[in-house]
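Student: predicted coordinates and the sequence they were generated for:
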Amino acid sequence: MDSASTIKILILDDDTFMLKLLSRMLAKLGYTAVTTCDNGSDALQKIDHIDTCPDLILLDLNMPDMDGIEFVRYLVDRQYHGQLILVSGEDERMLKTAEKLVHAHKIPMPGYVHKPVDPNKLSEILQRLEIEAAILPQSNDKTYSAADIRSAITHQELVNYYQPKVSVESGDVIGVETLVRWHHPQDGVIMPDRFIHVAEDNNLIDDLTRLVLKQAIIQAGKWHRDSQALRVSINVTMENLASLDFQDMVVNLVNENNLPPQKIVIEITESQVMGPDARIPLEILTRLRLKRFHLSIDDFGTGHSSLAQLRDIPFNELKIDQGFVHRAWQDDTLRAIYDASLAMGKQLGMDIVAEGVEDRDDWELVQQTGCDMAQGNFISRPLLPADLLRWMEEWHGRVRAEALIASPAS
């Protein structure tokens, strides 16, 4: 690895044998700028000095005096800008919880490894670290103002990408989900996590979503005229559902583009539906469903009232959140939540979409469990419309070459 020797790594573990073992593993992988500490206080002293502050910390969770969770809090206090890998003998559920906490603190974490440490697993995570560094060269420190977002909306710098959704049984491309990116004139492609919250905090999210929706329906009309039988899913927010004219706008856009309403899926994030006064959102969603638009409950299982949403709103599609799909084949907790969500959706006669299908193992899980549709980077990353037809040809080739679907019984 060319860049391995330039990455400063700190190993924090109270077990001296583990410090030596991890140091040897890293040396074999080409990482030579490695220091070790057997307690949190010494490690924090190194972090406090610019010449010894690491780019990456390998952190044990269960240590005397200062445990790994407390250490992470001190990292936040110091505004640590490096990355973190958990190395622990704790069980999978404890590591998952710790990982969620690290992410909540906005500290990048490419993964975790169990003790005893598998060198191949450690190598895989370190390679992921370097890949992320290579594809995300821009600084994450730059922030954007409400005026920047308003200008982007006015000048239509927000561009729709589309991530395919495919039938798990046949491999056919069923539809796409609309995902917005900001094509910034100076900073290049900006991902939504850099600007959506600014729009939400400054009452711009309704304008932003309406622009995305308009562009998506126009694009759906083009695909329909070209005989591409694709359902186009569009995420909307509670701000959109606060005004009764939203339903009329959606219906008018579909009519203007000579598009059957069945081609449009309105996705509502499960954690957002509903507010204290549900009358207007409920009227809008019910009227859209009466007009044969599809309604999808997105990120199912991540909110606080999932069952009430299914009871109260006429959804006909359920999307299992990626956090319960990816790696559910090897994680008993994730698998239990995935199975329960799938079974509930099936009992209610809904179409089920598994989000976050990232690898062949995830694909085989959703196939073996009878999920209807799948979406994720194993299938395709979000695409510009001009790239979709070429990808469809490549995907159908992959389905055959990699035997991604079961052969029909002879």
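Tutor: Structure's in. What do you need?

Student: buried sites along the host helix or strand of Ser41?
Tutor: With secondary structure defined by DSSP states H and E, Ser41 is part of helix 40-47. Within helix 40-47, the residues that qualify as buried are Gly40, Ala43, Leu44, Lys46, Ile47, counting by 16 or more other CB atoms under 10 Å. To be clear about C-beta, it is placed using only N, CA and C from the backbone, and glycine gets the same treatment.

Student: closest one of the residues you listed to Ala242?
Tutor: Taking CB to CB as the measure, Ile47 is the one of the buried residues of helix 40-47 closest to Ala242, at 45.6 Å.

Student: and Arg128, how many neighbours?
Tutor: One way to gauge burial is a neighbour count; for Arg128, by other CB atoms under 10 Å, it gives 13.

Student: for the chain, what's the longest strand?
Tutor: Across the chain, the longest stretch assigned as strand under DSSP state E is strand 173-184.

Student: isn't Ile264 up against Leu230?
Tutor: No. With contact defined as CB atoms under 8 Å, Ile264 does not count as touching Leu230 (10.5 Å).

Student: what do the two both touch?
Tutor: Ala220 (CB atoms under 8 Å, 6 or more residues apart in numbering).

Student: the two: who's more crowded?
Tutor: With neighbours defined as other CB under 10 Å, Ile264 and Leu230 compare such that Ile264 has more, 26 against 20.

Student: which residues does Asp38 contact?
Tutor: Contacts of Asp38 were listed using CB under 8 Å, 6+ apart, and they are Leu12, Asp13, Asp14, Asp15, Thr16, Leu19.

Student: same thing with Met94?
Tutor: When contacts are counted by CB under 8 Å, 6+ apart, Met94 touches Leu61, Ser88.

Student: dihedrals phi and psi, it?
Tutor: The phi and psi values for Met94, taken as degrees, to the nearest 10, are phi -60, psi -40.

Student: thinking again about what came up before, list the buried residues in the longest strand of the chain.
Tutor: Neighbour-count burial for strand 173-184, with 16+ other CB under 10 Å as criterion, is recorded at Val173, Ile174, Gly175, Val176, Glu177, Thr178, Leu179, Val180, Arg181, Trp182, His184.

Student: surely the fifth one and Tyr162 touch.
Tutor: What it means is Glu177. Yes. Contact between Glu177 and Tyr162 holds when scored by CB under 8 Å: they sit 6.9 Å apart.

Student: which neighbours do these two share?
Tutor: Applying CB under 8 Å, 6+ apart, one finds that Glu177 and Tyr162 are jointly contacted by Pro382.

Student: excluding residues flanking it in the chain, which one is nearest Pro382?
Tutor: Nearest residue to Pro382 in three dimensions, chain neighbours excluded: Tyr161, at 3.7 Å (CB to CB, 6 or more residues apart in numbering).
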